[in-house]
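In: Any chance you could fold what I've pasted below:
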Amino acid sequence: MGLLSNLDLVNECDNFPYYSDDPDKFKVLWNEYYHFYLEGCGACLGYMTSSVAEQMPLTPHWRLDKLNRRLIFQPRDDLGNPVTDLDARSRILAHYLQDVRERRIFGVLDGWRNELYPIYGPKRELLLSMERSATPLFGVVTYGVHMTGYVMTGEGMKIWAPRRALTKQTYPGMMDNTVAGGLSTGEKPFECLIRECEEEASLPADLVRAAARACGTLTYFHVRDARAGGETGLCQPECQYIYDLKMPPDVIPKPGDDEAIDFQLLTVDEVRQAMAEGRFKPNCAHLLLEFLVRHGFLTAENEPDYIEIVARFHRRLEFPTP
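Out: Numbers count the residues shown, from 1 in each chain. Next up, the predicted model:
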């Protein structure tokens, strides 16, 4: 395989098709998906592959509408009445997913995390909390924080890049952003960042609080391949809260858990080469392109696809967000 262009890297991450590119092709693909709904909420919450939707065990809490291609979560109490309480809905969902996991219907649930991710409605209200590893099955929007830690040296900027552990279910051995992690229900982005910095890179909270800078968000719609672990073709729309951290030369990130093998301090050119060779996890390469644009390394003068690339950093997602 040859080197990947910067636009190739964008297309690898933000790879769910755009209607405007080919309306006919988009409609055919879109009609192959089921839409995930919560009873009483009029908004589609995610796209599911037909194979996943049709394998979901049906209980009184679920209804498969093949005609309109919808899988509808309709939580009921012991008397068969609709459940409207958030916590009760989420408990019913948790028990159901635990049963699905024990029955080993979907490989993606082998990566069970015991972490709850939020699902929002059209009024920005929290509708459900769902086990993290199950979210790709339902194609719901997930949220995370990604931070690029860099050092200014006599040779110019250098970036700290970890390598993911070989034992990870998702993208084992690939390169990652300095710190990255998922946003759990009820967690604020900056507090999530502080926790992840400590857990993944052994970075002190006082340094992160003082020096980390919020740089907006990155949104994309990814369709998972075999590297993500479990079933392929699953929809993964995501919103990442982006941070930069200018680090003192004497602060060395170290793995604080089993997420990373090690950290490497790389020049910008070395990072770009690794990206072109496909060594970075797709969404991490996407985020690093945004970093390179903001810091003036990637410009309209040196990148022929500059306008397209920059536009793709902020995809409008077709599902409710907070």
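
In: which residues touch stretch 168-180?
Out: 110-111, 144-149, 159-166, 193, 196-197, 200-201, 203, 227-230, 240, 245, 253, 259-261, 263, 274, 279-281, 284, 287-288 (C-beta atoms under 8 Å, 6 or more residues apart in numbering). In this view, the C-beta of every residue, glycine as well, is placed from N, C-alpha and C.

In: Quick one: residues contacting the spatially closest residue to D258 that is not a sequence neighbour.
Out: In space, and not counting its chain neighbours, D258 is closest to A165: 5.6 Å by C-beta to C-beta, 6 or more residues apart in numbering. Neighbouring residues of A165 by C-beta under 8 Å, 6+ apart: 172-173, 258-261.

In: Widest-spaced pair of those?
Out: G173 and D258 (13.4 Å; C-beta to C-beta).

In: Those two: which is more packed in?
Out: Set G173 next to D258 and count neighbours by other C-beta atoms under 10 Å: G173 wins out with 14 against 10.

In: so the more buried one sits in a strand?
Out: No: with DSSP: H, G, I helix; E, B strand; the rest coil as the criterion, G173 is assigned coil and is not in a strand.

In: What ranges does the stretch 51-200 of the chain have for its strands?
Out: 62-65, 70-73, 116-120, 126-131, 142-153, 156-164, 179-182 (DSSP state E, counting those that start in this stretch).

In: Which residue lies nearest the spatial centre of the chain?
Out: By C-alpha atoms, centre = their mean, the chain has its centre lying nearest to E238, at 4.5 Å.

In: ok, back up a step: pull out the buried residues from the contacts of stretch 168-180.
Out: 111, 144-149, 159-164, 193, 196-197, 200-201, 203, 228-230, 240, 245, 253, 259-261, 263, 274, 279-281, 284, 287-288 (16 or more other C-beta atoms under 10 Å).

In: Any stretches of the stretch 201-322 of the chain with poor pLDDT?
Out: Across the stretch 201-322 of the chain, not a single residue meets the criterion (pLDDT under 70).

In: Quick one: the strands in it, in order.
Out: So, for the stretch 201-322 of the chain - with DSSP E, counting those that start in this stretch - the strands run 212-223, 235-246, 260-267.

In: Distance to N68 for these - can I get that in CSV?
Out: As requested, the strands of the stretch 201-322 of the chain are exported to CSV (distance: least, C-beta to C-beta, whole Å):
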stretch, distance to N68
strand 212-223, 22
strand 235-246, 18
strand 260-267, 44
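
In: Quick one: closest of those strands to L137.
Out: strand 235-246 (9.3 Å).

In: And the closest one, what does it pack against?
Out: strand 46-48, helix 135-138, strand 142-153, helix 189-201, helix 205-211, strand 212-223, helix 282-294 (3 or more C-beta pairs under 8 Å, 6 or more residues apart in numbering; DSSP states H and E).
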